[in-house]
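>>> Dropping the sequence and predicted coords here.
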Amino acid sequence: MDDKLVTIEQEVNRLTAKITQLKQEIGKVIIGQEETVEQLLITFLAGGHALLEGVPGLAKTLMIRTLSQAIDLKFKRIQFTPDLMPSDIIGTEILEEDQVTGKKFFEFNRGPIFSNIILADEINRTPPKTQAALLEAMQEFEVTYSGKTYALDKPFFILATQNPIEQSGTFPLPEAQQDRFLLYIRIGYPTETDETAILKATTSSKKSKVEPVLSGEEIIRLQQLVREVPISDELIGKVSKIIRATRPETTTDDYVKQWVSWGAGPRAGQAMILTAKARALAQGRLSVTPDDLKFVAFPVLRHRVLTTFNAEASGVTSDSIVEMLLEHLQPKEEIKI
């Protein structure tokens, strides 16, 4: 048993060292945004999908493309537009003819969804019908066409970008589809130092080449190791209390009852624990700490806690509600997060 633990520890050290190298490769192109990059890596290790939101020009697309270059996996970009059809994503059947017998038959021509990393660029610029085409792929890791089911390659990640919904020409994602995204990552403006470095790097002739660091097999192994990271029953209980506190029906907080219309479901608790485990492993630890839960709480809950119209009018966001819950629960439950 001890030998097995030593072997696992050695494997974890080797793979987490590669995660550090992966961050360094991404840093060749992406300046700053360390928190965003860490959240993307957590998404990969947890085996989920991520939705990135930010105003145009914040390098959302470049960040995902750079990440795909640093991981030796197949990558496809889908540019979502108002006229994009579900068949443009999944694929379609084409009438073929056997050159020998002359017999005609339909053959399924696979779409760009059949890849390892999918960049769904500006996903909120396409109508809900096309957005819904991603649902089965995101949840079941397979697609169905004409009654036949086709398995997707593994590992499989959908990294979607969107501009804020208040911008013109956008279609807000349905709540059911937002819930399929493990993390909702918001990208802010760079700091003054980072912005100066960005201006210097992007206006020169020097181009950095990103080298692949991780393979698909290593990503799959890391995903297996994430689920083996232990978490105490006490922390699981605290996650349950946080999730239940977001629901107007079960909370004791008047703030939530006033501003929240729908709270987070059980999937939010699962996501919170799994991503906390992923963060611990990414940092070379084999145990989850309260700080891990604090780090993942906002991207896990911000799209799963729906505010009322009065909250929107008053400037109360899901992030402010989550922050308030963590502060209110801390003295009662001693959650140091």
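Noted; the coordinates are in hand.
>>> rest of the way, CA atoms for contacts and neighbours
OK.
>>> Any regions of this protein where pLDDT drops low?
Across the chain, residues meeting the criterion (pLDDT under 70) sit at 1-6, 165-169, 329-337.
>>> Pop the domain breakdown of it in here.
Here the domain assignment for the chain is 1-228, 232-337, based on automatic domain parsing.
>>> and among those, the most buried is which?
Per-stretch averages of neighbours, counted by mean count of other CA atoms under 10 Å, single out domain 232-337 among the domains of the chain, with a mean of 18.
>>> what about it, distance to the chain center?
Here domain 232-337 shows a centroid-to-chain-centroid distance of 17 Å under the convention CA atoms, centre = their mean, to the nearest Å.
>>> try stretch 28-42
Its chain's C-alpha centre and that of stretch 28-42 lie 13 Å apart, by CA atoms, centre = their mean.
>>> For it, which outside residues touch it?
The set of residues external to stretch 28-42 that reach it, using CA atoms under 8 Å, 6 or more residues apart in numbering, is 23, 50, 59, 62-63, 66, 183, 185-187, 190, 194, 197-198, 208-210, 275, 278-279, 282.
>>> And for stretch 287-307?
So stretch 287-307 is contacted by 175, 178-179, 182-186, 229-232, 235, 246, 259-265, 268, 271-273, 275-277, 279-281, 316-319, 322, 335-337 (CA under 8 Å, 6+ apart).
>>> Which of the residues you listed fall within helices?
Counting by DSSP state H, the contacts of stretch 287-307 place 175, 178, 235, 259, 268, 271-273, 275-277, 279-281, 318-319, 322 in helices.
>>> Am I right that residue 42 sits in a helix?
Yes - under DSSP: H, G, I helix; E, B strand; the rest coil, residue 42 falls within a helix.
>>> ok, longest helix in this protein?
Longest helix of the chain, by residue count under DSSP H: helix 2-27.
>>> what packs against that one?
If you count contacts as 3 or more CA pairs under 8 Å, 6 or more residues apart in numbering; DSSP states H and E, helix 2-27 packs onto helix 60-70, strand 214-215, helix 216-228, helix 266-282.
>>> any idea how far residue 307 is from the residue sitting nearest the centre point of the chain?
By CA atoms, centre = their mean, the chain has its centre lying nearest to residue 50, at 1.8 Å. Using CA to CA, to the nearest Å, one gets 21 Å for the distance from residue 50 to residue 307.
>>> List the contacts of residue 267.
Remark: with contacts taken as CA under 8 Å, 6+ apart, residue 267 is in contact with nothing.
>>> can you offset everything so residue one is 841?
In the new count, where the first residue is 841, that last one comes out as residue 1107.
>>> Check the gap between it and residue 1141 for me.
Plainly put, residue 1107 is 10 Å away from residue 1141 if you go by CA to CA.
>>> what residues are up against the closest residue to residue 895 other than its chain neighbours?
Among residues not flanking residue 895 along the chain, residue 1003 sits closest, at 5.3 Å (CA to CA, 6 or more residues apart in numbering). Contacts here follow CA under 8 Å, 6+ apart; on that basis residue 1003 touches 893, 894, 895, 896, 962, 964.
>>> My guess is the last one contacts residue 1011. True?
Yes - counting by CA atoms under 8 Å, residue 964 sits close enough to residue 1011 to count as a contact (5.0 Å).
>>> Give me the distance between residue 890 and residue 1015.
For residue 890 relative to residue 1015 (CA to CA), the value is 14 Å.
>>> now do residue 1083
Going from residue 1083 to residue 1015 by CA to CA gives 17 Å.
>>> What of residue 943?
Summarising the geometry, the distance separating residue 943 from residue 1015, computed by CA to CA, is 46 Å.
>>> One more: residue 930?
Between residue 930 and residue 1015 the computed distance is 22 Å (CA to CA).
>>> cool, residue 927 as well?
23 Å.
>>> And residue 1167, by the same measure?
For residue 1167, the distance to residue 1015 equals 27 Å [CA to CA].
>>> OK, contacts around the closest residue to residue 1025 other than its chain neighbours?
Nearest-residue entry for residue 1025: residue 892, 4.7 Å, with adjacent residues in sequence omitted and distances by CA to CA, 6+ apart. Residue 892 makes contact with 900, 999, 1000, 1001, 1002, 1024, 1025, 1026, 1027, according to CA under 8 Å, 6+ apart.
>>> Which of the three states applies to residue 892?
For residue 892, the reduced secondary structure class is strand; criterion used: three-state DSSP.
>>> can you pull up the bridge partners for it?
Using DSSP bridges, the beta-bridge partners of residue 892 come out as residue 1001, residue 1025.
>>> any idea how far it lies from residue 1135?
Using CA to CA, which is the criterion applied here, residue 892 is 16 Å from residue 1135.
>>> swap in residue 1040?
Following CA to CA, the distance that separates residue 1040 from residue 1135 is 31 Å.
>>> Please report phi then psi for residue 957.
When read as degrees, to the nearest 10, the backbone of residue 957 gives phi -120, psi 120.
>>> List the residues that contact it.
With contacts taken as CA under 8 Å, 6+ apart, residue 957 has the following neighbours: 908, 913, 914, 915, 916, 996, 997, 998, 999.
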